[in-house]
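> Here you go, sequence then predicted model.
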Amino acid sequence: MKTLLTTLICLVTVISFAEDAPLAAVQAADDARVAAMKSPDRDKLSGIFSDELRYSHSTGVVDTKISFIEVLLKGTTKYQAIDYVERNFTFPAPGIALMTGSAKLKIVNETGAIEPTLAFLAVWRLEGGQWRFLAWQSCKLTPPPAK
């Protein structure tokens, strides 16, 4: 009986760690994405973004991997801060992670500085053993009315 209990405890521990591993890996990949977007580097961005990236900005502009990397490298859009208010991950299928939440951004573009708060849905896909950023869709959240 004692051996059975010990075996069950070990099994639950292994399963728990196995479930945490993808979460930690995707969180680390997203942290690397945020850092690479704030300090753009072609090689880092290319390694993080999926070749099939579809990045839909809250303005309605849609970028591909190639066009978004160019925007970031040219400085047309500069992400100075991306601070998550909330960031959640779910794994609806093997090799797929959905990231949802909201974030406060500080962005400088050709029209000046903006500081939107966005709600977002991002998709990460496991490609060749590495989590790659596949899709982003966001919308601006309306600030609460002043009291």
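That came through fine.

> Pull the contacting residues for the closest residue in space to R33 that isn't next to it in sequence.
Spatially, and ignoring its direct neighbours in sequence, R33 is nearest to I48 (4.9 Å; CB to CB, 6 or more residues apart in numbering). Glycine gets a C-beta too; all of them are placed from N, C-alpha and C. By CB atoms under 8 Å, 6 or more residues apart in numbering, the contact list for I48 reads A29, A32, R33, A36, R132, F133.

> Need the nearest residue in space to the residue nearest to the spatial centre of the chain, chain neighbours excluded.
To find the centre residue of the chain, average its C-alpha atoms and take the closest one (CA atoms, centre = their mean): that gives D30, at 4.3 Å. Distances taken as CB to CB, 6+ apart put M99 closest to D30, at 6.5 Å, once the chain neighbours are dropped.

> Same check on D83?
Here the residue nearest D83, using CB to CB, 6+ apart, is K104, at 4.8 Å.

> buried ones in the helix or strand encompassing the one you found?
Per DSSP states H and E, K104 falls inside strand 96-109. Neighbour-count burial for strand 96-109, counted by 16 or more other CB atoms under 10 Å, picks out A97, L98, M99, S102, A103, L105, I107.

> Quick check: next helix or strand after the helix or strand of the chain with the lowest mean pLDDT?
The helix or strand of the chain with the poorest confidence is helix 2-38; it has a mean of 72 (mean pLDDT, DSSP states H and E). Counting by DSSP H and E, the next helix or strand C-terminal to helix 2-38 is helix 42-48.

> Following the chain past that next one, name the next helix or strand.
The helix or strand immediately downstream of helix 42-48 is strand 49-56, counting by DSSP H and E.

> Give the pairing partners of that following strand; include direction for each.
strand 62-64 (antiparallel), strand 130-140 (parallel) (DSSP bridges).

> list the buried ones in the longest one?
The one in question is strand 130-140. For strand 130-140, the neighbour count (16+ other CB under 10 Å) marks W131, R132, F133, L134, A135, W136, Q137, S138, C139 as buried.

> Equivalent analysis for stretch 76-85, please.
Within stretch 76-85, the residues that count as buried by 16+ other CB under 10 Å are T77, K78, Y79, I82.

> So what touches stretch 25-45?
48-49, 68-69, 72-73, 79-82, 87, 89, 97, 99, 122, 124, 130-133.
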